[in-house]
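Trainee: From the sequence below, what's the structure:
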Amino acid sequence: MAKLSAGINGPFRGKVGTVVGSSWKGQPYMKGPNKERTSKVTKKEKDNQNKFARTHHWLKPLLVFLRQGFKDYDYPIEGMNAAMSWNLLNAFEPNGQTTQINPAIVQVSYGDLPLSENMTVEKTAPDELLFTWGSDPVDGGSPYDQVMLLAYDIKNAAASFNITGQFRSTGMDVLKIPATKGRTYHVYMSFTAADRSRQSHSVYMGTINS
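Mentor: So this is what the prediction gives:
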């Protein structure tokens, strides 16, 4: 039985005959009933499923960061789903007979907010990364844009980040990381508008060892 949420001419939720009504992020849609598959899964399909699983595993520890980094990517696709979509298409490269995610290609933020010039990062203490950037005004940006910082230990699926860092006009910020020795962090940097309406592409800053 289906329910009419907006009268006889509105969208419905539930099953009417062979049609199922539902919604996602406020957008109503209809679909047919699920059908049991009878054909075998092809090698290409298996490869795509494996690629999807690897991308999800790689990005999962960054979920909170990605919610802002891929905000309003392509409505209604945003956040983790948008990051999955972009990186599935762009972040893999050949590695012998298979493919692998290249951290240098990965985007953890996507948008048209401009970056600052002269962005750098260095480890200044066992548990600190110092980020610097040009504090001069940039066309299309604001002195009150805030830096987004991420250090990702892929091997241990552990991320240190700040999505509301210092203002662009400040020109520097510090990110705390665990002081544990023997770890490798892949470091990213981007900017978000003060009102959270826009964000920039992320920049891969390389690796830092603890």
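Trainee: Please count neighbours and contacts with C-alpha atoms only from this point.
Mentor: OK.
Trainee: could you pull out the helices for this protein?
Mentor: 43-59, 63-69, 79-90 (DSSP state H).
Trainee: residues in contact with the last one?
Mentor: The set of residues external to helix 79-90 that reach it, using C-alpha atoms under 8 Å, 6 or more residues apart in numbering, is 51-52, 55-56, 59-60, 63, 66-74, 105-109.
Trainee: Please apply the same query to the second one.
Mentor: Contacts made with helix 63-69 from outside it, assessed by C-alpha under 8 Å, 6+ apart, are listed as 78-80, 83, 108-110, 161-163, 192, 196, 199-200.
Trainee: Averaged pLDDT, that helix. What do you get?
Mentor: Helix 63-69 shows a mean pLDDT of 97.
Trainee: List the buried residues for it?
Mentor: For helix 63-69, a neighbour-count test (16 or more other C-alpha atoms under 10 Å) marks 63, 65-69 as buried.
Trainee: Just the CA trace of it, in CSV.
Mentor: Output in CSV follows, covering the C-alpha atoms of helix 63-69 (Å, rounded to 0.1, in the frame of the first residue of the first chain):
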residue,chain,number,x,y,z
LEU,A,63,34.1,11.3,6.3
VAL,A,64,33.8,14.5,8.4
PHE,A,65,36.3,16.3,6.3
LEU,A,66,34.6,15.3,3.1
ARG,A,67,31.2,16.6,4.2
GLN,A,68,32.6,20.1,4.0
GLY,A,69,35.2,19.5,1.3
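Trainee: Any stretches of the chain with poor pLDDT?
Mentor: Along the chain, segments meeting pLDDT under 70 span 1-35, 37.
Trainee: Tell me where it has strands.
Mentor: Using DSSP state E, the strands of the chain run over residues 3-4, 12-16, 19-24, 27-31, 92-95, 98-101, 120-125, 128-132, 146-153, 158-162, 172-176, 184-192, 203-209.
Trainee: Contact partners for Pro103?
Mentor: By C-alpha under 8 Å, 6+ apart, the residues touching Pro103 are 91, 186, 204.
Trainee: out of those, who's nearest Gly141?
Mentor: Nearest to Gly141, judged by C-alpha to C-alpha, of the contacts of Pro103 is Tyr204 at 20.1 Å.
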